[in-house]
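Peer 1: Sequence and predicted structure are below.
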Amino acid sequence: MSDFRSVYQPNRWMAYAPVKTRPTPYEILMRQSRLLGKTAARAFDIARTRLVMPSVPSAVRMTPHAERRFYEKHPDSMHRVVAQSQEILAGAKTVILPYNLFPDTVTVDRMKVTIDIWRSLWSHEVVTLRIEDILNVSAHIGLLFGSLTISTRIMNSTDHFEINGFWNKDAKRLKHIIQGYMIALHQGVDVSELSTDRLARKLSELGDDPKVVK
């Protein structure tokens with residue numbers, strides 16, 4: 001038995017450790033690229049975290065007043081867009097008439113035009129149009145009441161919206177402000193720095209119809 005083990009089992013002194021070889025230039029390059037990739041990913045995560053929400057104490061974030069002051073010092077793009085969408089430049093409701101029992105509304109803010117039209121007793125349609133997507137706006141003026149027609153460049157089942165039953169002054173004011181906003185955007189005028197009241201007044205002046213010179 002001892003002879004059998006000695007023949008088929010190597011002795012301990014014959015076992016050898018693997019020989020360490022120097023890494024090839026390709027292996028060195030791959031190691032450096034992996035290390036560089038990990039470092040870049042870590043730096044990107046840190047920069048993104050600081051950009052989205054700079055470091056402030058967690059207790060301060062829970063206070064609404066402190067949160068409002070924080071956003072005033074660090075204005076966020078989404079926060080600014082939401083604030084601008086809530087600044088109403090003009091708005092009007094149609095007059096309740098026998099053929100129009102439920103008033104339709106048109107609201108113009110810094111970002112869009114919102115049209116709320118009652119289709120029946122149980123349903124109404126809300127349409128939101130960007131100022132950039134409005135192709136034309138026109139007002140039809142009668143003795144007491146007028147209508148507003150807004151055409152859009154979006155290819156849909158309806159390319160224009162007609163709202164009837166406004167007072168004449170409301171139809172004119174909406175038409176002037178929307179048309180003035182269209183002209184300002186077409187000319188590349190920056191209106192973000194103007195206050196809401198001043199912007200509404202300037203847009204109304206810009207979209208006003210020219211007077212006939214006699």
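Peer 2: Looks like it arrived, so ask away.
Peer 1: Domain map for this protein?
Peer 2: As given by automatic domain parsing, the domain ranges for the chain are 26-74, 88-206.
Peer 1: Pick the most deeply packed of these.
Peer 2: Highest mean neighbour count of the domains of the chain: domain 88-206, a mean of 15 (counted as mean count of other Cβ atoms under 10 Å). Quick note: C-beta positions are derived from backbone N, CA and C, even for glycine.
Peer 1: about what we covered before: now render the domains of the chain as CSV, adding mean pLDDT.
Peer 2: Compiled in CSV, the domains of the chain are given as follows (pLDDT from 0 to 100):
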stretch, mean pLDDT
domain 26-74, 60
domain 88-206, 88
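Peer 1: is it true that Lys202 touches Tyr181?
Peer 2: No - at 10.0 Å, Lys202 does not count as touching Tyr181 under the criterion of Cβ atoms under 8 Å.
Peer 1: just the strands in this protein please.
Peer 2: Under the criterion DSSP state E, the chain contains strands at 88-93, 105-109, 112-118, 124-130, 134-141, 145-152, 160-167.
Peer 1: contacts for the first one?
Peer 2: Contact with strand 88-93 is made by 103-110, 166-167, 170-171, 173-174, 177, 181, 196, 199-200, 203, as judged by Cβ atoms under 8 Å, 6 or more residues apart in numbering.
Peer 1: Contact partners for Val95?
Peer 2: 103, 145, 165-167.
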